[in-house]
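Participant: Fold the following.
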Amino acid sequence: MPPHPSFALVLGGGGVTGVAWETGIIAGLAAAGVDLTRADLVVGTSAGAVVAAQVTSGVPVEELYERQRRPATGEIAAHFGAGTMLRYAAAGLRPGDDRQALRRLGHAARTADTVDEQVRRDVIAGRLPSHEWPDAPRVLITAVDAETGEEVAFDRDSGVDLVSAVAASCAVPVVWPTVTIGGRRYMDGGSRSAANVHLARGHDRVVVLAPSTASLRRSGRVATELAALGAGVRSVVVTPDAEAKAAIGRNVLDPARRAAAAETGRRQAATVVAAVAGVLV
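Facilitator: Numbers count the residues shown, from 1 in each chain. Presented below is the predicted three-dimensional model:
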């Protein structure tokens, strides 16, 4: 008999509203009989890192969804606007390779005036129902070394605790502080790639939930990375529809939009269930 198809769930970045929308999608698909938490591998980037830790915690998906609909206590509001994007563009669009661009962005992240690192860690810790890595499935949490520009994928064997790994992956450059792990400083895994789909290599079924598919450099775009996995990979990419985009709004770091983003994600799930189920057959 041929080996059983392996399934990777890739969860991309998208701020606090991205966490909510992805949770809504997963809950809506589960209600329709499509369980994404049965993945062999879960890759989490930024918002997706939070969702990866949540949906593998053992807490029922429906409960996680209801949490997103409650008032967002414990969160810190922030703004991701044109000024931040200009600083990203200055780092990413100047001549040089991807690593050089990330080092420039990392310098901006390390020197930015932000809230205290421990304050931000506490916010991330409050989002996670469990602070322990799951036994299964395998979970990869992405980050970028803010000094060298090197991409990193933490897992349960990395020696890094789950809260630190997720906090690093969510350390949006310039907006949030870099996260110190083992004397190194790390920033958002989404700095390199919107979803880090390349980490799903070796799996023949790939489902990507991506609040955003954009990247400052082509190498980090979802479509580019997905194509590089090979022609034999069956995949589907789910992105916010018009209703979800309206609910999310222009500022993905606004906790006040969390409930609406979750609810529209759950409604959108009904429109993609056939496509997702078709990949997993």
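
Participant: Could you tell me which ranges of the stretch 101-250 of the chain sit under the pLDDT cut-off?
Facilitator: The stretch 101-250 of the chain contains residues with pLDDT under 70 at 216.

Participant: just the strands in it please.
Facilitator: Taking DSSP state E, counting those that start in this stretch as the criterion, the stretch 101-250 of the chain carries its strands at 138-145, 151-154, 179-181, 184-188, 205-209, 234-238.

Participant: Can you list the helices and strands that the second one packs against?
Facilitator: In this case it means strand 151-154. Contact here means 3 or more CB pairs under 8 Å, 6 or more residues apart in numbering; DSSP states H and E; on that basis strand 151-154 packs against strand 138-145, helix 162-169. Backbone N, C-alpha and C define where each C-beta goes, glycine included.

Participant: Can you tell me which helices and strands the first one packs against?
Facilitator: What it means is strand 138-145. Counting contacts by 3+ CB pairs under 8 Å, 6+ apart, strand 138-145 packs against strand 41-44, helix 47-55, helix 98-111, strand 151-154, helix 162-169, strand 184-188.

Participant: With the last one instead?
Facilitator: When contacts are defined as 3+ CB pairs under 8 Å, 6+ apart, helix 162-169 sits against helix 47-55, helix 117-127, strand 138-145, strand 151-154, strand 179-181, strand 184-188.

Participant: do that again at 6 Å, thanks
Facilitator: For helix 162-169, the packing partners by 3 or more CB pairs under 6 Å, 6 or more residues apart in numbering; DSSP states H and E come out as helix 47-55, helix 117-127, strand 138-145, strand 179-181.

Participant: Check the spacing between the most centrally placed residue in the chain and residue 12 real quick.
Facilitator: Nearest to the geometric centre of the chain sits residue 48, at 2.3 Å (CA atoms, centre = their mean). Per CB to CB, to the nearest Å, residue 48 is found 5 Å from residue 12.

Participant: before we move on, the earlier item: give me whichever of the helices and strands packed on strand 151-154 is most buried.
Facilitator: Among these, helix 162-169 has the highest mean neighbour count (mean count of other CB atoms under 10 Å), at a mean of 28.

Participant: what's near enough to touch residue 9?
Facilitator: 36, 39, 42, 207 (CB atoms under 6 Å, 6 or more residues apart in numbering).

Participant: Secondary structure class of residue 27, three-state.
Facilitator: Following DSSP: H, G, I helix; E, B strand; the rest coil, the label given to residue 27 is helix.

Participant: any idea which helix or strand carries the residue nearest to it when sequence neighbours are not counted?
Facilitator: The spatially closest residue to residue 27, leaving aside those adjacent along the chain, is residue 65, at 3.7 Å (CB to CB, 6 or more residues apart in numbering). Assigned by DSSP states H and E, residue 65 falls within helix 61-69.

Participant: Does anything pack onto that helix? Which helices or strands?
Facilitator: The contact analysis (3+ CB pairs under 6 Å, 6+ apart) places helix 61-69 against helix 15-31, helix 258-280.

Participant: in the first one, what counts as buried?
Facilitator: Neighbour-count burial for helix 15-31 flags 15-30 (criterion: 16 or more other CB atoms under 10 Å).

Participant: Next: the last one.
Facilitator: Residues of helix 258-280 classed as buried: 258-269, 272-273, 276, 279-280 (neighbour count, 16+ other CB under 10 Å).
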